[in-house]
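Whatever this is, show me its structure:
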Amino acid sequence: MRIDIVSIFPQVFEPVFGVGMLRLAQEKGLLELAAHDLRDYTTDKHRQVDDEPYGGGPGMVMKPEPFFAATRSLLGESPFLLSRGVRTVLLSPAGEPLRQPLVENLAAAERLVVLCGRYEGVDARVSTFVTDEISVGDYILSGGEIAAMVLVDAIGRLIGGVLGAEESLDEESFTGDLLEYPQYTRPASWSGMDVPQVLVSGDHGAIAAWRRTTAKFLTAARRPDLSEGGR
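From the prediction side, this is the model:
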């Protein structure tokens, strides 16, 4: 899979994509990551990517032309076809909430182009040529860069061969609409707190039952929207 990110701050991605799982994925040839400067796709001498909003109001709005030019340059004349395995993502507070089923859907693509906005937002006409508009949460960030990092990390770990123990994906939070059960490691007793006895019993059937029951209880208590089918 290849993921291209378009931003006015492409340099911020270098340290994040150069460590841990994402670095290993690239070294194994399983994932290609590239960040591009949106200003490289402007046509004026000032490399302007924003302008005042029509109708007035504070702040600046990002112009549509550089985003279109960047996407077209990266993907060609007809880049916006899901049938080609290509997805173009605009990160936006108004987008579809990023949840695990959407992450899994995006991870099946051959290529992603991710567009990062800034300032007061992006000209609404950009939405007409993207395949996906996505939000990473009900809060406002300074720009789409951190959201893009979240998206790439969530997708990258689902690519076959990236994780050392891929079976761990089967029991994570949000798999089967449940939060993951609590995890423990050594020591068995620490600061007056003990690991649940069932986990050190060696009874795999009892352990599996405890994990399932505890996951259901935890989900109902902390994320009832999941247990009620709210996703």
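
Could you chop the chain up by domain?
2-156, 172-227 (automatic domain parsing).

Highest mean neighbour count out of the ones you listed?
domain 2-156 (a mean of 17; mean count of other Cβ atoms under 10 Å). To be clear about C-beta, it is placed using only N, CA and C from the backbone, and glycine gets the same treatment.

re the thing from before, rebuild the domains of the chain as a markdown table, extending it with distance to residue 162.
Below are the domains of the chain laid out as a markdown table (distance: least, Cβ to Cβ, whole Å):
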| stretch | distance to residue 162 |
| --- | --- |
| domain 2-156 | 5 |
| domain 172-227 | 14 |
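
CSV for those, including mean pLDDT?
Formatted as CSV, these follow (pLDDT from 0 to 100):
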stretch, mean pLDDT
domain 2-156, 93
domain 172-227, 91
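
Tell me where the longest strand sits in the chain.
strand 86-97 (DSSP state E).

List of residues touching it?
71, 75, 79-80, 102, 106, 109-117, 121-122, 126-127, 129-138, 140, 144, 147-148, 151 (Cβ atoms under 8 Å, 6 or more residues apart in numbering).

Residue 7 pairs with what?
With DSSP bridges applied, the residues forming beta bridges to residue 7 are residue 37.

Provide a list of residues in contact with it.
Residue 7 neighbours (Cβ under 8 Å, 6+ apart): 13, 35, 36, 37, 38, 116, 143, 144, 145, 148.

which two from these end up farthest apart in space?
Greatest spatial distance in those: 36 and 143, 14.9 Å, computed using Cβ to Cβ.

can you pull out the helices in this protein?
Per DSSP state H, the chain carries helices over the ranges 13-17, 20-27, 64-75, 100-107, 144-156, 204-222, 224-227.

With respect to residue 47, which of those lies nearest?
Of those, nearest to residue 47 by Cβ to Cβ is helix 64-75, at 8.8 Å.

how near is the spatially most central residue of the chain to residue 113?
For the chain, the residue nearest the mean C-alpha position is residue 151 (1.3 Å; Cα atoms, centre = their mean). Plainly put, residue 151 is 12 Å away from residue 113 if you go by Cβ to Cβ, to the nearest Å.
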